[in-house]
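>>> Mind folding the following:
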Amino acid sequence: MFTVTVGSVIVYPMELTIDELAQRAQLPVRTLREYHTMRLLPPAGRRGRVGVYGDQHVERLELIARLQRRGYSLAGIRDLLGAWDAGTDLTTLLGVGSGPAALDEAPLLITRAELADRLPPPAADTIDRAAAAGLIVARGDDHFVVRSPALLALVGDGVRAGVPLDQILGLTATLTGGLGALADDLAGQLEEILRPLAAAGDAGQLASLLQRWRVLWQQGAASILTDRLGAALVARADDERGADGLRAALDRVRIGAITDTAGRIRRYPR
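Numbering: from 1, shown residues only. The predicted structure follows:
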């Protein structure tokens, strides 16, 4: 997308009125005006007294929609989009640094009745299957520990969307089982790395190193898994007939942002 500046007026190659832009984005005009007020949208170009919008505005609305689906508030989206031009570091912007673990979750202690509410539809062996998949661990007769509440929410969300419980729990078992095997392999390699440091006798320094690495492991693992999973899904969609819907859905949830070493955020090419 390029723009032509004539004096102080920005002219966009594709020109849409605000009504046409709203129709294309399937949003009310009042929502677009609110986005302008919140500085979520770039200023309109001018054609005489009429404001005109172009590809830049269409792309921006698509990005806002993807970020909203990821759970970002409009205020958070405003800050993130402002960084495209301001060059704010993404880590600073999102508050994700090497301090408290941003990706870790506190385990959830839940009763049998509460668990049944979160795993619809209830069945006699649902809890047993959830435990076999590594989703929950029994604690006493009527309580369970959920190590990842997010994973429990994913299972419940899938079932409510119409995914058979066996399928979504199978996906969970693949994840927990695969991560368990990976953890065993990594532990052996880490032991070799950490043993000399432990032998040096500075327990405080070793603990500090492990605390930093714990956060970095979480962030790195989440980033690589998400990237590899997305790439694998795209590859499968490209290999299968009639997968246009899957490709379109994958494209809609892709944020497409990349940051350089100076902290400038740019669009990541598709």
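>>> What is the burial count for residue 159?
19 (other C-beta atoms under 10 Å). Where C-beta positions appear, they are placed from N, C-alpha and C, glycine not excepted.
>>> Buried residues, stretch 137-148. List them.
Of the residues in stretch 137-148, those buried by neighbour count under the rule 16 or more other C-beta atoms under 10 Å are 144, 146, 147, 148.
>>> I'd like the distance from the helix or strand containing residue 178 to the chain centre, please.
Residue 178 belongs to helix 165-199 when elements are defined using DSSP states H and E. Between the mean C-alpha point of helix 165-199 and the mean C-alpha point of its chain there is a distance of 22 Å (C-alpha atoms, centre = their mean, to the nearest Å).
>>> buried residues in that helix?
By 16+ other C-beta under 10 Å, the buried positions in helix 165-199 come out as 165, 168, 169, 171, 172, 173, 175, 176.
>>> Do a quick rundown of the strands in the chain.
Taking DSSP state E as the test, the strands found in the chain are 4-6, 9-11, 45-47, 50-52, 108-111, 137-139, 143-146, 257-259, 265-267.
>>> Could you pull up the mean pLDDT of stretch 42-49?
Mean pLDDT, computed over stretch 42-49, is 86.
>>> ditto for stretch 117-130
Over the span of stretch 117-130, the pLDDT mean works out to 82.
>>> What mean pLDDT does the helix holding residue 178 get?
Averaged across helix 165-199, the pLDDT comes to 93.
>>> Which strands and helices lie in contact with that helix?
helix 126-132, helix 149-160, helix 203-239 (3 or more C-beta pairs under 8 Å, 6 or more residues apart in numbering; DSSP states H and E).
>>> Nearest to residue 194, out of the ones you listed?
Each of the helices and strands packed on helix 165-199 was scored for nearness to residue 194 using C-beta to C-beta, and the closest is helix 203-239 (7.0 Å).
>>> what about the closest one, distance to the chain center?
Taking the mean C-alpha point of helix 203-239 and that of its whole chain, the gap between them comes to 13 Å (C-alpha atoms, centre = their mean).
>>> Can you mark which positions in it are buried?
Taking 16+ other C-beta under 10 Å as the criterion, helix 203-239 shows 215, 219, 234, 237 as buried.
>>> Then stretch 48-60?
Residues of stretch 48-60 classed as buried by neighbour count (16+ other C-beta under 10 Å): 51, 52, 53, 54, 56, 57, 58, 60.
>>> Low-confidence regions, this structure specifically.
Applying pLDDT under 70 to the chain flags residues 1-13, 70-71, 79, 82-103, 122, 240-242, 252-270.
>>> domain assignment for it?
For the chain, the domain assignment from automatic domain parsing gives the residue ranges 4-86, 108-259.
>>> what separates the first one from the chain centre, distance-wise?
Computed by C-alpha atoms, centre = their mean, the chain-centroid distance of domain 4-86 equals 23 Å.
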